[in-house]
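A.B. asks: with the sequence up front, the predicted model follows.
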Amino acid sequence: MTIQEALEKLRSKELSVTELVQAYLKRIETLEPKLNAYLTITKDFALEKARELDKKGDFGAPLAGIPMNLKDVVCTQGIRTTACSKILENFVPPYDAVVWQRLKKADCVLLGKTGTDEFTMGSSNENSAFGPVRNPWNREYVPGGSSGGPAASVIADETIFSIGTDTGGSIRQPASLCSCVGLKVTYGRVSRWGVIPYASSLDTIGPLTKTVEDAAIVLSVIAGQSEEDSTTPAVPVPDYAKCLRKSLKGKTVGIPEEFFKKGVEPETEKAVRDGIEVLKKLGAKVEKLSMPLVKYSIPTYYFIAKSEASTNLARYDGIRFGHATDKPIEELEDLYAKSRAEGFGEEVKRAIMLGTYALSAGYYDAYYLKAAKVRALMKQEYEKAFQTCDALITPTSPFPAFGIGEKMDDPIAMYSADTLTTSINLAGVCAMSVPAGFSKNGLPIGMQIIGPQFGEEKVLHVGYAFEQATEWHKKRPKLN
Ligand code: GLN
């Protein structure tokens, strides 16, 4: 069910919240042995909230009675939040993240917390300390990362929608690999307060849904200034769902050719080029353009992301948060080193080493500072593109889902999954992945729609028009 469908049934009393929530809990119970999308299932909490809403009988709130889940980096008061790391295995936050406060106020029902790569570092979900999530279209394949749990649970209908995070592609790439809609908002559109950070100048929070309209509905609830996060400006929040039903006539979509080059598989390229034809038929003007700096996005992104990660991870010292070693220790340094060696996985250790190196005296100018300069130029490249275009169209991922284990021995091959998504985070603009086709072996392909800063309306508008003209979003995996 979509949000809109469920709301109608709840408001007309065709269905009670308890019935709806029970149906979802049952589906989770049946599918979880196959998918492993959930880390924590908040059954009692969900049923209590459902009963409370049924008793009140008031469905005035925008998401009243809608079952949903949160990626396990969003802090939930009294509910375990792990970031899929051993170091936070038993961490129970004393407060709610702002995004969860807002969804709670809109009367959502939380079904549980879903799987991610450890501290959201990864593109396949295999970096989770609690076992990888499986792709519902083929369980031998990865669901993408890091929001693999949110994406798999949405398309397998183990939830109506989910909230993920995107630092370099973590909402869009799994949405693409699982065939759902994934919206990465403009930096600062949604408060990050209470969400466990990866790289603070790149992190964003957004919805994963079955349709573009659902993404618009959720965004209107979670977006906007928050006192707790000074990077959220007072840009007004429109009713995003109201901006969808317009013609594409007179709109210009740009095709940056660099996004179709090296490493993009022919089937992916074809699906997205076909998608562009659909937009043309709907009346959009198509304009080719060049964005030469995109080819530097992987080194630029990884130096910045890992540098920021290395400082953010310094708080996990075996004292203030999470796991502390049981081994004998001689001095304080020893406690830090042993607790971290035991608590962090390989990719997180790699981030600490690479980031610390890039920030150290003598290397700072050559790596971190240089990356920061490239980032500034990349931002200008996007600003220039949006002087003539309303939105840009590219593939989301260069390839469809890959096999579990296939890229784990080669971090560079794994990083290449982010070639087409990371520059958007570096520039701070917004983008959305929408279902746009399937490969010969039945794996989903996503199309990325990129918009200017605070241009979510434009992205949703193009995405909605495309969705109405195609059938890809209606396809569901067979899960028996
Ligand atoms: N795969 C990328 C990384 O590991 C992006 C992850 C993300 O967006 N959180 O950095």
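C.D. replies: All right, it came through fine. Numbers count the residues shown, from 1 in each chain.
A.B. asks: now stretch 169-177: mean pLDDT?
C.D. replies: Stretch 169-177 carries an average pLDDT of 98.
A.B. asks: is the ligand contacted by that stretch?
C.D. replies: Yes - Stretch 169-177 is in contact with the ligand by C-beta under 6 Å from any ligand atom, via Gly169, Ser170. Every residue, glycine included, has its C-beta placed from N, CA and C.
A.B. asks: equivalent analysis for stretch 414-427, please.
C.D. replies: Yes - against the ligand, stretch 414-427 shows contacts by C-beta under 6 Å from any ligand atom at Asp418.
A.B. asks: stretch 259-266: which residues count as buried?
C.D. replies: Phe259, Phe260, Val264 (16 or more other C-beta atoms under 10 Å).
A.B. asks: restricted to strands, list those residues.
C.D. replies: Counting by DSSP state E, no part of the buried residues of stretch 259-266 is found in strands.
A.B. asks: residues of the chain that sit close to the ligand?
C.D. replies: 120-123, 146, 166-170, 198, 305, 418.
A.B. asks: now these as CSV including neighbour count?
C.D. replies: Formatted as CSV, the residues of the chain next to the ligand follow (neighbours: other C-beta atoms under 10 Å):
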residue, neighbour count
Thr120, 28
Met121, 28
Gly122, 29
Ser123, 28
Ser146, 36
Asp166, 31
Thr167, 27
Gly168, 30
Gly169, 31
Ser170, 35
Tyr198, 28
Ala305, 26
Asp418, 26
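A.B. asks: I'd like the residues you listed laid out as JSON lines, including distance to Ile352 and secondary structure.
C.D. replies: Formatted as JSON lines, the residues of the chain next to the ligand follow (distance: C-beta to C-beta, whole Å; DSSP: H, G, I helix; E, B strand; the rest coil):
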{"residue": "Thr120", "distance to Ile352": "15", "secondary structure": "helix"}
{"residue": "Met121", "distance to Ile352": "11", "secondary structure": "coil"}
{"residue": "Gly122", "distance to Ile352": "15", "secondary structure": "coil"}
{"residue": "Ser123", "distance to Ile352": "19", "secondary structure": "coil"}
{"residue": "Ser146", "distance to Ile352": "17", "secondary structure": "coil"}
{"residue": "Asp166", "distance to Ile352": "22", "secondary structure": "strand"}
{"residue": "Thr167", "distance to Ile352": "16", "secondary structure": "coil"}
{"residue": "Gly168", "distance to Ile352": "17", "secondary structure": "coil"}
{"residue": "Gly169", "distance to Ile352": "21", "secondary structure": "coil"}
{"residue": "Ser170", "distance to Ile352": "19", "secondary structure": "coil"}
{"residue": "Tyr198", "distance to Ile352": "12", "secondary structure": "coil"}
{"residue": "Ala305", "distance to Ile352": "12", "secondary structure": "helix"}
{"residue": "Asp418", "distance to Ile352": "19", "secondary structure": "helix"}
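A.B. asks: got a list of what Gly131 touches?
C.D. replies: Residues near Gly131 by C-beta atoms under 8 Å, 6 or more residues apart in numbering: Asn36.
A.B. asks: so it: helix, strand or coil?
C.D. replies: Look at Gly131: counting by DSSP: H, G, I helix; E, B strand; the rest coil, its state is coil.
A.B. asks: most distant residue from the middle of this protein?
C.D. replies: Relative to the mean C-alpha coordinate of the chain, counting by C-alpha atoms, centre = their mean, the farthest residue is Glu330 (41.8 Å).
A.B. asks: and it, that's in a helix?
C.D. replies: No - per three-state DSSP, Glu330 lies outside any helix segment and is coil.
A.B. asks: which phi and psi does it have?
C.D. replies: When read as degrees, to the nearest 10, the backbone of Glu330 gives phi -100, psi -40.
A.B. asks: any figure for the gap between it and Lys338?
C.D. replies: Separation of Glu330 from Lys338 (C-beta to C-beta, to the nearest Å) stands at 10 Å.
A.B. asks: now Leu279, nearest residue through space, not along the chain?
C.D. replies: Val253 (5.7 Å; C-beta to C-beta, 6 or more residues apart in numbering).
A.B. asks: ok, the one you found touching Gly463?
C.D. replies: No - with contact defined as C-beta atoms under 8 Å, Val253 and Gly463 do not form a contacting pair (11.4 Å).
A.B. asks: which of these two has more neighbours?
C.D. replies: Shown here are Val253 and Gly463; by other C-beta atoms under 10 Å, Gly463 has more neighbours (27 against 21).
A.B. asks: check contacts around that one.
C.D. replies: Val181, Val212, Ala215, Met432, Val434, Ile449.
A.B. asks: Ile450 too?
C.D. replies: Contacts of Ile450 (C-beta under 8 Å, 6+ apart): Tyr382, Ala391, Leu392, Ile393, Thr394, Ile424, Val429, Cys430, Ala431, Val459.
A.B. asks: which residues of the stretch 1-150 of the chain fall in helices?
C.D. replies: 3-11, 17-35, 43-56, 98-105, 148-155 (DSSP state H, counting those that start in this stretch).
A.B. asks: quick revisit: where's the residue nearest to Leu279, which helix or strand?
C.D. replies: In this structure, Val253 sits in strand 252-256 according to DSSP states H and E.
A.B. asks: how far does that strand sit from the chain's center?
C.D. replies: 24 Å (C-alpha atoms, centre = their mean, to the nearest Å).
A.B. asks: related to what we said a few turns ago, nearest to the ligand, of the contacts of Ile450?
C.D. replies: Ile424 (10.4 Å; C-beta to the nearest ligand atom).
A.B. asks: okay but that closest one is in contact with Ala431, surely?
C.D. replies: Yes - contact criterion C-beta under 8 Å: Ile424 and Ala431 qualify, at 4.7 Å.
A.B. asks: re earlier: on the pLDDT front, check the residue farthest from the centre of the chain for me.
C.D. replies: Predicted confidence (pLDDT) for Glu330: 95.
A.B. asks: which residue sits closest to Lys281, ignoring its sequence neighbours?
C.D. replies: With C-beta to C-beta, 6+ apart, the residue lying closest to Lys281 is Ala469, at 7.4 Å.
A.B. asks: report how many residues lie close to that neighbour.
C.D. replies: Counted with other C-beta under 10 Å, residues neighbouring Ala469 total 13.
A.B. asks: quick one on the thing from earlier: tabulate the buried residues of stretch 259-266 (CSV), appending pLDDT.
C.D. replies: As requested, those are exported to CSV (pLDDT from 0 to 100):
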residue, pLDDT
Phe259, 98
Phe260, 97
Val264, 97
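A.B. asks: give me the residues contacting the helix or strand just after the strand holding Val253.
C.D. replies: As assigned by DSSP H and E, the chain's next helix or strand after strand 252-256 is helix 266-281. Residues outside helix 266-281 that contact it (C-beta under 8 Å, 6+ apart): 248, 253, 255, 260, 286, 393-395, 397-400, 436-440, 445, 447, 462, 465-466, 469-470.
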